[in-house]
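Undergrad: Compute the structure for the input listed below.
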Amino acid sequence: MKIKSVKLTRFKRFTHLKIEDLPETARLVILAGPNGSGKSSFFEGLYTWYRASWSGIGTTWDPIYHWKRLAEDDETEPQVRASRQHQETTKITFHDPQPTTDDERRAAVYVRSAYRNDPTFQVTSLGRLGTVVAEARFNRFIENDATVAKNYQRLASQGFRAVYKDEDPNTTIGEFRRRAIGEIQDSMNRLFPDLLLRELGDPLEDGTFFFDKGSSKAFPYQNLSGGEKAAFDLLLDIIVKKRAFNNSVYCIDEPEAHMNTRLQGALLQELFELTPGECQLWLATHSIGMMRRARDLSAEHPGSVVFLDFGGRDFDQEVVMQPEVPNRAFWHRVLNVALDDLSELVAPEIIVICEGSPRVPGAGMGAALDADCYDKIFEAEFPHAKFVSAGNAHEVENDRLALVEAMRGLVAGTRIIRLIDRDDRSKEEVTEKQSQGVKVLTKRNLESYLFDDEVLSALCASVGQPDKSNDLLAAKAQAVADSVGRGNAADDLKSASGDIYNEARRLLQLTAAGNNSKAFMRATLAPLLVPSMDTYATLRSDIFD
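TA: Residues are numbered from 1 along each chain as shown. Below is the predicted model:
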């Protein structure tokens, strides 16, 4: 099952929330945002709808807990609220056809709350557990959602079934035990290379999981660390349940609890791979480790990862959310949530030192023009890159501000690139600069990319006047001809940029597009230079290849 849209009306903290345009290709949906931003309330909305509509277990509706009271409600509101039903507050649509059987409906949604406390257990008897899709572990998200003990019993019960009921007469208890723990054993070993799930134990005597770690042998589940228990719980649960929930929306609130950053990212990888292909995995997380791994998965599997940002929303008003483009601003918000003040100390993976007046006190509006434009152009594809203006070409080449050495000393592992304009350099000069580790633009300067015909045509289309494209390109050609007449080179669009800017404003009747050509480049043209354009590909290759 794949969710297409969700609508929550007067549910917990939401007055009217609509999430729409979720793509059918999405296998992983990440809910980002600080504590108290509504991520758990959103999951509770899904769970409330599921319990009342499709599960057959029964509604969890609690008018005091679920219904949002507004300031304008009158005294009769408590009576009105008590009569509300989930149909008035929650609505979900799917890309998939409606399930046709009770079991298919019950298996449509599977939810784990953030309270997954199962510190120890020991099973000494086995009893009938019932169908896994009809299991009701908790009613509200503030209740404990312990699963390890029950999943142990289900594994043990499957062992008896494999031996006494399955058609294969050669199945033995020993063979089943190896088969039963193999998948969880492999997943746990990838997370904890020194930890080995050894056996299930005897479910009628010392029924618990036993592990080996270093010289410690056959120690029980209760002796695992908090992080080991938390990871084991989630992996075991999906492995036990995925056969029944094989066309489902899995929702896990704060899967990173009790784990370090490295482990969080590795856990997300395991959860992503264990989730059946027809399913959708939703995670609400603050973890920078998980967010980073989600970004990598998005690059590895285009279209399969969606980000929804709950941060900075006023849910007392109507809010429409759509999948977020994980650009630099998005990652900055994520870092602020995950690391608070330390986020400013986290270095980007790539630092590009380029031309332009440095951004220093009193430098004026034109400071760091090139860096700001580059940041906007590449924020979607290279959110982990940061551009820094450091002066003219000579100052960039010779590191006059000592930026390269300072960054190398402070930021281990960061790739540092020096980038200069081509200007009038010959091929030989460009080759020499490149041999010195300095990147050189293919075109004359940044203006040559931003005032390219593709970008100007996109400008016309962006303001609903694509028919003016030829007129604007003709005005550009005239501006270049006038610049050549003043003694400038034919490819020097920097010298012609002021005239092109003025003609664009006149032809398209632009307002709030920037008060001069530099502001126009930064605010209007840079966001229009996108990956589908040939000139973007050239600029990308100049810098990053």
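Undergrad: By average pLDDT, which secondary structure element in the protein comes out worst?
TA: When the helices and strands of the chain are scored by mean pLDDT, DSSP states H and E, helix 77-83 comes last with a mean of 54.
Undergrad: domain parsing for the chain?
TA: As given by automatic domain parsing, the domain ranges for the chain are 3-340, 347-440, 446-545.
Undergrad: Point out the other helices and strands that the lengthiest strand in the chain packs with.
TA: Counting by DSSP state E, the longest strand found in the chain is strand 3-11. With contacts taken as 3 or more C-beta pairs under 8 Å, 6 or more residues apart in numbering; DSSP states H and E, strand 3-11 sits against strand 14-19, helix 39-53, strand 90-94. Bear in mind the C-beta positions are built from the backbone N, C-alpha and C, glycine included.
Undergrad: Next, the buried residues of that strand.
TA: For strand 3-11, the neighbour count (16 or more other C-beta atoms under 10 Å) marks 3-4, 6-11 as buried.
Undergrad: repeat for stretch 286-305
TA: Quick answer for stretch 286-305 (16+ other C-beta under 10 Å): 286-295, 297-298, 305.
Undergrad: about what we covered before: could you say which of the helices and strands packed on strand 3-11 is packed most deeply?
TA: helix 39-53 (a mean of 22; mean count of other C-beta atoms under 10 Å).
Undergrad: which intervals of the stretch 201-350 of the chain have sub-threshold pLDDT?
TA: 338-347 (pLDDT under 70).
Undergrad: just the helices in it please.
TA: Remark: helices assigned in the stretch 201-350 of the chain by DSSP state H, counting those that start in this stretch are 226-241, 261-274, 288-300, 328-339.
Undergrad: What number of residues are in the vicinity of Asp202?
TA: When neighbours are defined as other C-beta atoms under 10 Å, Asp202 has 12 of them.
Undergrad: For it, give me the backbone phi and psi.
TA: phi -90, psi 110 (degrees, to the nearest 10).
Undergrad: From here on, call the first residue 52.
TA: In the new numbering, first residue 52, that becomes Asp253.
Undergrad: mind checking how far it is from Ser176?
TA: As for Asp253, its distance to Ser176 is 12 Å (criterion: C-beta to C-beta, to the nearest Å).
Undergrad: on that earlier part again, list just the nearest of the buried residues of strand 54-62 to Leu558.
TA: Lys55 (41.2 Å; C-beta to C-beta).
Undergrad: Pretty sure the closest one sits against Phe145.
TA: Yes - the pair Lys55 and Phe145 qualifies as a contact (C-beta atoms under 8 Å) at a distance of 5.8 Å.
Undergrad: so what's Lys427 closest to, chain neighbours aside?
TA: Ala577 (4.0 Å; C-beta to C-beta, 6 or more residues apart in numbering).
Undergrad: quick one: pLDDT of the residue lying farthest from the centre of the chain?
TA: Most distant residue from the mean C-alpha position of the chain: Gly536, 51.4 Å away (C-alpha atoms, centre = their mean). Note on Gly536: pLDDT of 93.
Undergrad: And Gln138, by the same measure?
TA: Value for Gln138, per-residue pLDDT: 62.
Undergrad: can you tell me the helix or strand for the closest residue to Arg573 other than its chain neighbours?
TA: Distances taken as C-beta to C-beta, 6+ apart put Asp423 closest to Arg573, at 5.1 Å, once the chain neighbours are dropped. Per DSSP states H and E, Asp423 falls inside helix 420-429.
Undergrad: hang on, the earlier thing: dump the helices of the stretch 252-401 of the chain to CSV, plus distance to Cys511.
TA: Below are these laid out as CSV (distance: least, C-beta to C-beta, whole Å):
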stretch, distance to Cys511
helix 277-292, 51
helix 312-325, 42
helix 339-351, 32
helix 379-390, 26
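Undergrad: most neighbours per residue, which of those helices?
TA: It is helix 277-292: most buried of the helices of the stretch 252-401 of the chain by mean count of other C-beta under 10 Å, with a mean of 21.
Undergrad: what does that helix contact?
TA: 161, 163, 167, 169-170, 183, 198-199, 202, 205-206, 234-235, 238-239, 242-243, 246, 260, 272, 275, 301, 303, 306, 308-311, 314, 318, 321-322, 325-326 (C-beta atoms under 8 Å, 6 or more residues apart in numbering).
Undergrad: cool, stretch 197-213 as well?
TA: Contacts of stretch 197-213 (C-beta under 8 Å, 6+ apart): 163, 167-169, 172, 174, 177-178, 180, 183, 186, 188, 219, 222, 224, 227-228, 230-232, 251, 254, 258-260, 272, 280, 283-284, 287-288, 291.
Undergrad: Just list the residues touching Lys90, thanks.
TA: 82, 84, 304, 335, 361.
Undergrad: distance of it from Tyr166?
TA: 14 Å.
Undergrad: swap in Ser534?
TA: On the measure of C-beta to C-beta, Ser534 and Tyr166 end up 68 Å apart.
Undergrad: if you count what's nearby, which of those two comes out ahead?
TA: Higher neighbour count among Ser534 and Tyr166: Ser534, with 21 against 15, using other C-beta under 10 Å.
Undergrad: The more buried one - that's part of a helix, no?
TA: Yes - under DSSP: H, G, I helix; E, B strand; the rest coil, Ser534 falls within a helix.
Undergrad: which residues touch it?
TA: Per C-beta under 8 Å, 6+ apart, neighbours of Ser534: 543, 546-547, 550.
Undergrad: do the same with Pro271
TA: Contacts of Pro271 by C-beta under 8 Å, 6+ apart are 171, 252, 257, 259-262.
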